[in-house]
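J.: sequence? don't have it. structure:
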């Protein structure tokens, strides 16, 4: 069971898609993964939803919780691997190699890490050198009642800054996700909302 969309994508890219029996709601790619059963949201996990699939491995990162659920899965005899949450562009290669190590595919992991680094380098080369960087707010929306402004320490900061923009959440002193209010968004004055 994969509890993070990025980990699901890595598993599929490494050729282990057929081994994934369920995902959490953050998986949006690849198409074959999206068709798999869902266990809910990895950050608000219930052990019963995961155990129902009889997994031989549960994989997630430090955002997975609550901790009691992770412990209940372990107490039920299910191996649970919690990887360090990577929040930089450079951390992507580490995450790929870590997942590859877990599934005993280090060569495939190295090849995928190199391919992804090449794609990142190509994308960074496209970043225009503008006189003023656009100000970007990353808003996480899970329906009208759940809105967060992402700030420092989130993977979105690395993507925004890698694109040559300014992360207004991080610039406003937000670390991690913070509940979004209209006043906070207006105060951040983003040029772009993602």
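T.: Received it, and whenever you're ready, just let me know what you need. In this text the structure is predicted, and so the values were computed from the model without any measurement.

J.: where does the residue of the chain positioned farthest from its centre land in three-state SS?
T.: No residue in the chain sits farther from the centre than residue 131, which is 31.0 Å out by CA atoms, centre = their mean. When classified by DSSP: H, G, I helix; E, B strand; the rest coil, residue 131 comes out as coil.

J.: how many neighbouring residues does the closest residue to residue 120 other than its chain neighbours have?
T.: Nearest residue to residue 120 in three dimensions, chain neighbours excluded: residue 89, at 5.7 Å (CB to CB, 6 or more residues apart in numbering). For every residue, glycine as well, the C-beta is placed using N, CA and C. Residue 89: 18 surrounding residues under other CB atoms under 10 Å.

J.: so residue 89, which state does it fall into?
T.: Criterion first, three-state DSSP; result for residue 89: coil.

J.: OK, contacts around the residue farthest from the centre of the chain?
T.: Not one residue lies near residue 131 by CB atoms under 8 Å, 6 or more residues apart in numbering.

J.: distance of it from residue 164?
T.: Distance, residue 131 to residue 164, by CB to CB, to the nearest Å: 11 Å.

J.: ok, now residue 184?
T.: 24 Å.

J.: try residue 82
T.: Here the criterion is CB to CB. By it, residue 82 lies 33 Å from residue 164.

J.: let me know the pLDDT of the residue nearest to residue 120.
T.: Residue 89 carries a pLDDT value of 88.

J.: from residue 97, how far out is it?
T.: For residue 89, the distance to residue 97 equals 15 Å [CB to CB].

J.: quick revisit: wait, the residue nearest to residue 120 sits on residue 162?
T.: Yes: in this structure, residue 89 is within contact of residue 162 by CB atoms under 8 Å, at 5.4 Å.

J.: need the overlap of contacts for the two.
T.: Contacts common to residue 89 and residue 162, judged by CB under 8 Å, 6+ apart, are residue 120.

J.: make sure residue 148 is indeed in a helix.
T.: No: secondary structure of residue 148, determined by three-state DSSP: strand, with no helix assignment.

J.: and it, bridged to which residues?
T.: residue 140, residue 179 (DSSP bridges).

J.: mind listing what it touches?
T.: Contacts of residue 148 were listed using CB under 8 Å, 6+ apart, and they are 139, 140, 141, 177, 178, 179, 180.

J.: pLDDT, distance to residue 157 and neighbour count added to these, as a markdown table?
T.: Output for the contacts of residue 148, formatted as a markdown table (pLDDT from 0 to 100; distance: CB to CB, whole Å; neighbours: other CB atoms under 10 Å):
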| residue | pLDDT | distance to residue 157 | neighbour count |
| --- | --- | --- | --- |
| 139 | 91 | 14 | 15 |
| 140 | 87 | 13 | 14 |
| 141 | 83 | 18 | 10 |
| 177 | 87 | 12 | 19 |
| 178 | 87 | 13 | 15 |
| 179 | 89 | 18 | 9 |
| 180 | 87 | 16 | 20 |
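
J.: check the residues you listed and tell me the two furthest apart.
T.: 141 and 178 (13.6 Å; CB to CB).
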